[in-house]
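K.L.:
Just a sequence and a predicted model for now, questions to come.
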Number of protein chains: 2
Amino acid sequence: MSPRAGKRGGLLELAVLGLLHEAPMHGYELRKRLSGVLGTFHAISYGSLYPCLKDLAGRGWLIEDEATAAAAPALAGKRGRIVYRLTAEGKEHFQALVGEAGPDAWEDDRFGVRLAFFGRTEASVRLRILEGRRSRLEERLDAVRSSLARTRERLDSYTLELQQHGLESVEREVRWLDELIASEREHPSTSPSSRRGDR
Amino acid sequence: MSPRAGKRGGLLELAVLGLLHEAPMHGYELRKRLSGVLGTFHAISYGSLYPCLKDLAGRGWLIEDEATAAAAPALAGKRGRIVYRLTAEGKEHFQALVGEAGPDAWEDDRFGVRLAFFGRTEASVRLRILEGRRSRLEERLDAVRSSLARTRERLDSYTLELQQHGLESVEREVRWLDELIASEREHPSTSPSSRRGDR
DNA sequence: GTTAGCATGTAAGGAGTTACATGATTTT
DNA sequence: AAAATCATGTAACTCCTTACATGCTAAC
């Protein structure tokens, strides 16, 4: 077996493809923008990013454009910055990834990234993602509530406080999702812009 | 160099020591209880747990009690369940870990586990943990707010919605922490039981 | 007496990180 | 010309997961 193309199934792949879907970029800039989609804290390291880019290129999802900023041909051997650009297959693959339904697709990180790219996602897929996340959260609520009902007496007040806060956070997110879903149903092909401002 | 004792610096160590601080347990039961401290979802796998226990035992923080439930001496070679019990050094090490101040100590998971063990944590350390977490969250708020101020116009409404929701969640946690801290200052050696119920 | 659940482990792999190494470009 | 920061990369390591292997004990 040819050892090329090590499996690369993570968050990073999705985030990188999504960002490059918007516009070509070189790695250094990509890293800065990644913080924006993955949460403002949580920066990705170059030690992950560059190998990931190599891998994606190896699979034909993006191509490496050796462009030294201006078109000056200068010295041939110079290691200029590499601008990564999504191929047609890359765009297809991104859409496939975003649309994926597996149970881990609704975990915190995955969902967050998917939402961040809603601007480049079909309306029907957007709705499916929002509803998938919602039902995942309902599962959590059930689990926490029943565990709380079973063990409430045995818990010290700190643990109780923690569980209670967690519960309320999840409930809050469910309400938020409900608003997004409602807004999505009202004007399916538009952004939910009208909703902002009523807080 | 003797290759024994691979570094074991994670969440798991802290959680295991904390649970065994309460009472001796065997691995299987430990795993079930771990979900309680790490969040009701997110179960730990045996593939992590047992090696971790081996490692902790190797460092002298806990000892493996080969007890086959009842005291029946039965057959000598039987692989019974192994009950893990914290040593004195283990308890010391747990207190040291909980009290640690490093910047990653205030990340979501770490903070959650520390809070879950507040019942076995000194009042002064509790306060330091709550305040550490609080200032970590303030840093995040600053980062998100300024990034939002810089890029607000360029963001599509979905991304904006996401950032806004995240921001509000963090603000909510800060208010929660403020209540906990206030309650901690009022009766420093007691649990914050009186606060529950005013929602 | 066989399925189901209790109980303990190991080997391989996945998704990242840190620390290091190197060189180009811009600012002071 | 020194310092900062832009830019790309690699090797080793961390912490965890999956998939597998094994055997005990209780319930049907």
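P.N.:
Everything's here; your move. Numbers count the residues shown, from 1 in each chain, chains lettered A, B, ... in the order given.
K.L.:
Burial check on the spatially closest residue to A:Leu38 that is not a sequence neighbour, number of neighbours?
P.N.:
Spatially, and ignoring its direct neighbours in sequence, A:Leu38 is nearest to A:Ala15 (6.1 Å; Cβ to Cβ, 6 or more residues apart in numbering or on different chains). No exception for glycine: its C-beta is placed from N, CA and C like everyone else's. Neighbour count of A:Ala15, defined by other Cβ atoms under 10 Å in any protein chain shown: 24.
K.L.:
and if you look at A:Leu38?
P.N.:
18.
K.L.:
Spit out the contact partners of it.
P.N.:
Under the criterion of Cβ atoms under 8 Å, 6 or more residues apart in numbering or on different chains, the neighbours of A:Leu38 are A:Leu11, A:Ala15, A:Ile44, A:Asp109, A:Gly112, A:Val113.
K.L.:
Those residues: which two are farthest apart?
P.N.:
A:Ile44 and A:Gly112 (13.9 Å; Cβ to Cβ).
K.L.:
Can the helix or strand containing A:Arg128 be said to contact chain B?
P.N.:
For A:Arg128, the host element (DSSP states H and E) is helix A:123-151. Yes. Counting by Cβ under 8 Å from any Cβ of the partner chain, chain B has neighbours in helix A:123-151: A:Arg140, A:Ala143, A:Val144, A:Ser147, A:Thr151.
K.L.:
and that helix, which residues are buried?
P.N.:
A:Val125, A:Arg126, A:Ile129, A:Leu130, A:Gly132, A:Arg133, A:Arg134, A:Arg136, A:Leu137, A:Arg140, A:Val144, A:Leu148 (16 or more other Cβ atoms under 10 Å in any protein chain shown).
K.L.:
In chain A, which residue is most central in space?
P.N.:
A:Val113 (1.6 Å; Cα atoms, centre = their mean).
K.L.:
Please give the element, helix or strand, for that one.
P.N.:
Assessed by DSSP H and E, A:Val113 sits inside helix A:108-116.
K.L.:
Now that helix - C-alpha only, PDB.
P.N.:
Below are the C-alpha coordinates for helix A:108-116, written out as PDB (Å, rounded to 0.1, in the frame of the first residue of the first chain):
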ATOM      1  CA  ASP A 108     -19.700  21.600  20.600                       C
ATOM      2  CA  ASP A 109     -16.700  22.300  18.300                       C
ATOM      3  CA  ARG A 110     -18.100  20.600  15.200                       C
ATOM      4  CA  PHE A 111     -21.400  22.400  15.400                       C
ATOM      5  CA  GLY A 112     -19.700  25.800  16.000                       C
ATOM      6  CA  VAL A 113     -17.600  25.500  12.900                       C
ATOM      7  CA  ARG A 114     -20.600  24.400  10.800                       C
ATOM      8  CA  LEU A 115     -22.500  27.400  12.000                       C
ATOM      9  CA  ALA A 116     -19.600  29.700  11.300                       C
END
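K.L.:
and that helix with DNA strand C, contact?
P.N.:
No. Helix A:108-116 lies out of reach of DNA strand C by Cβ under 7 Å from any atom of the strand, never closer than 7.7 Å.
K.L.:
which residues touch that helix?
P.N.:
A:11, A:14-15, A:18, A:36-39, A:98, A:104-105, A:121, A:129, A:133, A:136, B:158-159, B:161-162.
K.L.:
How about stretch A:85-99?
P.N.:
A:13-14, A:17-18, A:20-21, A:24, A:56, A:60-63, A:65, A:114, A:117, A:121-122, A:125, A:128-129.
K.L.:
Which residues of chain A lie near DNA strand D?
P.N.:
Proximity of chain A to DNA strand D, by Cβ under 7 Å from any atom of the strand, involves residues A:26-29, A:46-47, A:50-51, A:53-54, A:79, A:81-82.
K.L.:
out of those, which are buried?
P.N.:
Buried members of the residues of chain A next to DNA strand D, counted by 16+ other Cβ under 10 Å: A:His26, A:Gly27, A:Leu53, A:Ile82.
K.L.:
Helix or strand: which one has the third one?
P.N.:
Looking back up the chat, that one is A:Leu53. Counting by DSSP H and E, the element that carries A:Leu53 is helix A:46-58.
K.L.:
Centre of the chain to that helix, how far?
P.N.:
17 Å (Cα atoms, centre = their mean, to the nearest Å).
K.L.:
The helix or strand that comes right after it pairs with which strands?
P.N.:
Downstream of helix A:46-58, the first helix or strand assigned by DSSP H and E is strand A:62-66. In its sheet, strand A:62-66 lies beside strand A:82-86 (antiparallel), with partners assigned from DSSP bridges.
K.L.:
show me where pLDDT drops low in chain A?
P.N.:
A:1-8, A:67-79, A:188-199 (pLDDT under 70).
K.L.:
ok, now how distant is A:Leu56 from A:Asp156?
P.N.:
48 Å (Cβ to Cβ, to the nearest Å).
K.L.:
Compare those two (neighbour count), which wins?
P.N.:
Taking neighbours as other Cβ under 10 Å, A:Leu56 and A:Asp156 compare with A:Leu56 leading, 25 against 14.
K.L.:
residues contacting A:Leu34?
P.N.:
A:Ala15, A:Val16, A:Leu19, A:Ala43, A:Ile44, A:Leu49.
K.L.:
Taking their axis directions, the strand or helix carrying it and strand A:62-66 sit at what angle?
P.N.:
According to DSSP H and E, A:Leu34 maps onto helix A:27-38. Going by axes from the mean of the first three to the mean of the last three Cα atoms, to 10 degrees, helix A:27-38 is angled at 140 degrees with respect to strand A:62-66.
K.L.:
quick one: stretch A:33-48 near DNA strand C?
P.N.:
Yes. Stretch A:33-48 is in contact with DNA strand C by Cβ under 7 Å from any atom of the strand, via A:His42, A:Ala43, A:Ile44, A:Ser45, A:Tyr46, A:Gly47, A:Ser48.
K.L.:
Would you mind listing the buried residues in that stretch?
P.N.:
Quick answer for stretch A:33-48 (16+ other Cβ under 10 Å): A:Arg33, A:Leu34, A:Gly36, A:Val37, A:Leu38, A:Gly39, A:Thr40, A:Ile44.
K.L.:
Next up, the contacts around A:Glu139.
P.N.:
Going by Cβ under 8 Å, 6+ apart, the list of residues near A:Glu139 is empty.
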